[in-house]
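Enquirer: What would the 3D arrangement of this be:
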Amino acid sequence: MSRQSCGTKSRMSALLVMLALLIAVPGVVQAQSPGFKETDKLISRSQSTISQIRSTKLQTEATLDGYNAIIEGKVPDNRKAYKKLTKDIQKCENQADKVGDRIASMQEAASVYFSNWEASIAAITSDDLRAKSESRLKDTQANYNEILKAAQKAGDEFKPFITNLHDQVTFLGHDLNPSAIADLQDEAAALNKKGDKVFAAVDETIEVASKYTNSLKP
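Expert: As a prediction, this is how the structure comes out:
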């Protein structure tokens, strides 16, 4: 057999091996990637929930500042300021509703993530590895539950506060004069005091949720 013929056969054999590897590797990646994708999706939706909570807090703080400016007589045109305030209240309510939507989306991703993890555990034949995976699953579920509780707490803090603020803004709707504003001083002071507690609680929930979201990262 000529050297050229041997060389051709060797090259053909090498090409066949490479082709086999190219066919096999995508199959391995495909088998592994769903778990990675589910993890990434859960982390992404947890981060999106935290981001929405933060956005709602900022919008609510800005709206409260606008309300206080009217109450404290710091605006040159009450009607113009009030018109903006009513729009800001609507933004607050929309943002708070989005918190609930983000939480629901996060829960959906978590359900798929943990269900598939449980299914993968059942496929492990080693008792030791199966036990380790079950232990890690429980730890991860506990961490996720902390994220969920923190997010739900933030949502629960926003709703009544925004409703209270909306009530006071509505009170001024047909009575935007110095006397009506003076009548709201006590209610406004109580609202601001409550606001301090709400915003502090929300900051705490953001910190907790961020901590446990980071624990989910590879």
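
Enquirer: Sort out which residues of stretch 108-125 are buried, please.
Expert: For stretch 108-125, the neighbour count (16 or more other C-beta atoms under 10 Å) marks A109, A110, Y113, F114, W117, I121 as buried. Bear in mind the C-beta positions are built from the backbone N, C-alpha and C, glycine included.

Enquirer: Stretch 63-70 now?
Expert: T63, L64, G66, Y67, I70.

Enquirer: residues near F36, how many?
Expert: Per other C-beta atoms under 10 Å, the neighbour tally for F36 reads 11.

Enquirer: Could you pull up the residues touching it?
Expert: Neighbour list for F36: P218 [criterion: C-beta atoms under 8 Å, 6 or more residues apart in numbering].

Enquirer: quick one: it and S44, what's the gap?
Expert: 12 Å (C-beta to C-beta, to the nearest Å).

Enquirer: Check T170 too.
Expert: 38 Å.

Enquirer: neighbour-wise, which of these two wins?
Expert: Just comparing T170 and S44: by other C-beta under 10 Å the higher neighbour count belongs to S44, 14 against 11.

Enquirer: pLDDT at the more buried one, what is it?
Expert: At S44, the model reports a pLDDT of 94.

Enquirer: so after the host helix or strand of L64, what's the next helix or strand?
Expert: Per DSSP states H and E: L64 is located in helix 3-71. Using DSSP H and E, the helix or strand that follows helix 3-71 in sequence is helix 78-122.

Enquirer: Quick check, central residue of this structure?
Expert: In the chain, the C-alpha nearest the mean C-alpha coordinate belongs to T49, at 1.3 Å (C-alpha atoms, centre = their mean).

Enquirer: who touches that residue in this structure?
Expert: Taking C-beta under 8 Å, 6+ apart, one finds V99, R102, I103, S105, M106, I147, A151, A209 in contact with T49.

Enquirer: Go again with 6 Å.
Expert: T49 sits next to R102, I103, M106, A151 when contact means C-beta atoms under 6 Å, 6 or more residues apart in numbering.
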